[in-house]
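1. Fold the following, please.
(one chain, ligands or ions: 1)
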Amino acid sequence: MTSLSGKSVLLVIGGGIAAYKCLELIRLLGKEGCKVVPLMTKAAEQFVTPLTVASLAGTKVYSDLFSLTDETEMGHIQLSRAADLVVVAPATADLMAKLAHGIANDLASTALLATDKSVLMAPAMNVRMWRHAATQRNLKTLIADGVLIVGPNDGDMACGEYGPGRLAEPDEIVAAIRASLATHPRVLAGKKVLITAGPTREPIDPVRYISNHSSGKQGYALAAAAVDLGAETMLVSGPVHLPLPPGAQVMPVESARDMLKVVEREVPCDIAIFTAAVADWRVESAANEKIKKSGKDAPTLILSENPDILKTIASLKSKRPKLVVGFAAETENVLEHAKAKLASKGCDLIVANDVSAKGDVFGSDQNAVHLVSANGVESWPRMSKAHVAEKLMAHFAKLIS
Ligand code: PMT
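-> Numbering: from 1, shown residues only. From the prediction side, this is the model:
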């Protein structure tokens, strides 16, 4: 038995090429014992047939707002409320715009407006449509209204273009459905949380770089915890090998300077958490071609200091986040160094951890942290990074309430 068995989802299928992925989504949900009631827009019927959807779901497909039988049997109001969650996949630009503006002119948009349940949207569209100011405006409105978002992912698109706009994979949507149905109080609904995670890479030449051992696990766990509490979650991530946390918007970066640019674009926000292990130095002039062994002396690398992202954001005047949290990765005198960082970086709180071999934090699934603030030090026992993240997010939510 899984956390989805016995649950019921109203699946609104929008009209996009990615509609075919709904068939796999219905199959995966069915495998977990989750009932799927399909509702298709007229456009969706151009991409997959109602017969295929009905056969997989094992139930009839709803599509007509004015069907007398449906209105007597159930009606669009009951249809939207009988489920535990309403999922829209693919959520087209049109469906997003309709819900953002409260337009109800077909069965899908009417059910979305009439529901008293949470709505999870999995957007999918052409990359330019996704990036269009109107869609981004609608996305912000939907998030502020408490709509949950999973994806879109980056990649090759059916239209031949490349970028964000691909429907999240069916297993990612299932994970987001599971998270949406979890019984966490949504204390961060309407709040924006920005998290940096992973290492940065500072190029030496086109094939070599300076980096560190951060796996991104602690930062990604924080992003998942922020999503669970209902926050609009922006995850600025250095290169890692982790599945994307469903519901978070992931912005991949490479170097410290790239990371700063994206972070500056994303403020103001309510909470900013800096878990990334940012390289303190970069090679002053990275070579354009691979450096060859000369057979004589080894090359000398001249380093220059990277911008301090945490310090930059903590010292903002009008755009400073309400709560700025730094992490401190130390190999000795953990508390002493963490207290010094709290003062020098200007943040509200430092979460310190011991990254020496003895501490076993980098890449591990566990962590032991100390919360260092103007109020003193609070040390937590070693626990899973997911649990650290849940406890930290709940603590941060209280601090800004
Ligand atoms: O990724 P994992 O394998 O799960 O490991 C987790 C972690 C050890 C990376 C994480 O828990 C952690 O401690 N992150 C902070 C790593 C770090 O760079 O610490 P620091 O003490 O060097 O930096 C202090 C703070 O300043 C950090 O919040 C860091 O993000 C920030 N910083 C540092 C340098 C810089 N140029 N810009 C920054 O913003």
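2. Check the secondary structure at Lys140 for me.
-> State at Lys140, reduced to three classes by DSSP: H, G, I helix; E, B strand; the rest coil: helix.
3. check contacts around it.
-> By Cβ atoms under 8 Å, 6 or more residues apart in numbering, no residues touch Lys140. Every C-beta, even on glycine, is put in place using the N, C-alpha and C of the backbone.
4. Same question for Pro203.
-> Contacts of Pro203 by Cβ under 8 Å, 6+ apart are Tyr209, Ser255, Arg282, Val283, Ala286.
5. Which pLDDT value goes with the spatially most central residue of the chain?
-> When Cα atoms, centre = their mean is applied to the chain, the residue found nearest the centroid is Ala248 (1.1 Å). The model reports Ala248 with a pLDDT of 89.
6. Can you give me the distance of it to the ligand?
-> 16 Å (Cβ to the nearest ligand atom, to the nearest Å).
7. check contacts around that residue.
-> Ile195, Ala223, Ala224, Ala226, Val227, Thr233, Met234, Leu235.
8. repeat for Val48
-> Ile13, Ala19, Tyr20, Cys22, Leu23, Met40.
9. sec struct for it, please.
-> Put simply, Val48 is coil when judged by three-state DSSP.
10. Could I get the phi/psi values of it?
-> Note on Val48: backbone dihedrals following degrees, to the nearest 10 are phi -130, psi 150.
11. got a winner among the contacts of Pro203 for most neighbours?
-> In terms of neighbours by other Cβ atoms under 10 Å, the contacts of Pro203 top out with Arg282 at 23 neighbours.
12. quick one: pLDDT of the nearest residue to that one once chain neighbours are set aside?
-> With sequence-adjacent residues excluded and distances taken as Cβ to Cβ, 6 or more residues apart in numbering, Arg282 is closest to Glu202, at 3.9 Å. Here, the pLDDT recorded for Glu202 equals 98.
13. With Met1 instead?
-> Reported pLDDT for Met1: 57.
14. any weak-confidence spans in the chain?
-> Within the chain, the segments meeting pLDDT under 70 span 1-2, 68-76, 184.
15. and it, what are its domains?
-> Domain assignment of the chain by automatic domain parsing yields the ranges 8-181, 192-400.
16. What's the end-to-end length of the longest one?
-> Taking Cα to Cα, to the nearest Å, the first and last residues of domain 192-400 lie 12 Å apart.
17. Quick check: buried residues in the helix or strand hosting Ala179?
-> Secondary structure assignment for Ala179, by DSSP states H and E: helix 170-181. Applying a neighbour-count criterion of 16 or more other Cβ atoms under 10 Å, one finds Pro170, Glu172, Ile173, Val174, Ala175, Ala176, Ile177, Arg178, Ala179, Ser180, Leu181 buried in helix 170-181.
18. all strands of the stretch 101-250 of the chain, in order?
-> Taking DSSP state E, counting those that start in this stretch as the test, the strands found in the stretch 101-250 of the chain are 119-123, 148-149, 153-156, 162-166, 192-197, 202-205, 208-210, 232-237, 249-252.
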